[in-house]
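# below: sequence and its predicted model.
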Amino acid sequence: MIEFRPDRTTYIRAHAVMTAIAMGGAMLVLWLLGNPHVWTGAVAGFAAVVMRGWYMASEVLDEVWTLEGQSLNGPYQRHTTLGNIKALRSLAGSVQIVTSTGDKHLIKYQEDPQAVIDTINKARARTEQTA
């Protein structure tokens, strides 16, 4: 069994990027509306993302995916077989799994998303060889 656990550093880095975008976006909106206190947008954007990150951290950082035999199992009863995977993509520190049935899952906040993709693809290749 192989486990894919979220990486705390990647989680913090993603939130730092979100913070910068939120701060800039909020300031831009206030500027476009003619608000003379544009700086308050930076405070609001910072506070919003920090609160979200703090609130969600305990839940998100406990989401572990496992690769066992011919199946990939995630949190909240997410499950797919390796033969049902249509595509794997790296997506901003996460790995997107697209199934043949159209379901999409994210293995979030991975330190090295490409290594996760390579591991899953190797398991898929072994599964195809034994079939």
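Received it, and whenever you're ready, just let me know what you need. A quick note: this is a predicted structure, and the numbers were derived from the prediction, not measured. Numbering: from 1, shown residues only.
# lowest average confidence, helix or strand, in this structure?
Ranking every helix and strand in the chain by mean pLDDT, DSSP states H and E puts helix 113-130 at the bottom, with a mean of 89.
# send the alpha carbons of it over as CSV?
Output in CSV follows, covering the C-alpha atoms of helix 113-130 (Å, rounded to 0.1, in the frame of the first residue of the first chain):
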residue,chain,number,x,y,z
PRO,A,113,2.7,16.0,-8.1
GLN,A,114,4.7,14.5,-11.0
ALA,A,115,6.1,11.8,-8.7
VAL,A,116,2.5,10.9,-7.6
ILE,A,117,1.5,10.7,-11.3
ASP,A,118,4.5,8.5,-12.1
THR,A,119,3.7,6.2,-9.2
ILE,A,120,0.1,5.8,-10.3
ASN,A,121,1.1,5.3,-13.9
LYS,A,122,3.6,2.6,-12.9
ALA,A,123,0.9,0.8,-11.0
ARG,A,124,-1.4,1.1,-14.0
ALA,A,125,1.3,-0.4,-16.2
ARG,A,126,1.7,-3.3,-13.9
THR,A,127,-2.0,-3.9,-13.8
GLU,A,128,-2.2,-3.9,-17.6
GLN,A,129,0.6,-6.4,-17.8
THR,A,130,-1.1,-8.8,-15.5
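# could you say what helices and strands it packs with?
In terms of contacts (3 or more Cβ pairs under 8 Å, 6 or more residues apart in numbering; DSSP states H and E), helix 113-130 is packed against strand 2-4, strand 65-68, strand 85-91, strand 94-99. The way it works is simple: take the backbone N, C-alpha and C, and place the C-beta from them, glycine included.
# switch to 7 Å and redo it
When contacts are defined as 3 or more Cβ pairs under 7 Å, 6 or more residues apart in numbering; DSSP states H and E, helix 113-130 sits against strand 65-68, strand 85-91, strand 94-99.
# so what are the sheet partners of the helix or strand just after the first one and their directions?
Looking back up the chat, that one is strand 65-68. Using DSSP states H and E, the next helix or strand after strand 65-68 towards the C-terminus is strand 71-73. Take DSSP bridges as the rule and strand 71-73 pairs in its sheet with strand 65-68 (antiparallel), strand 79-81 (antiparallel).
# okay then, goodbye and thanks.
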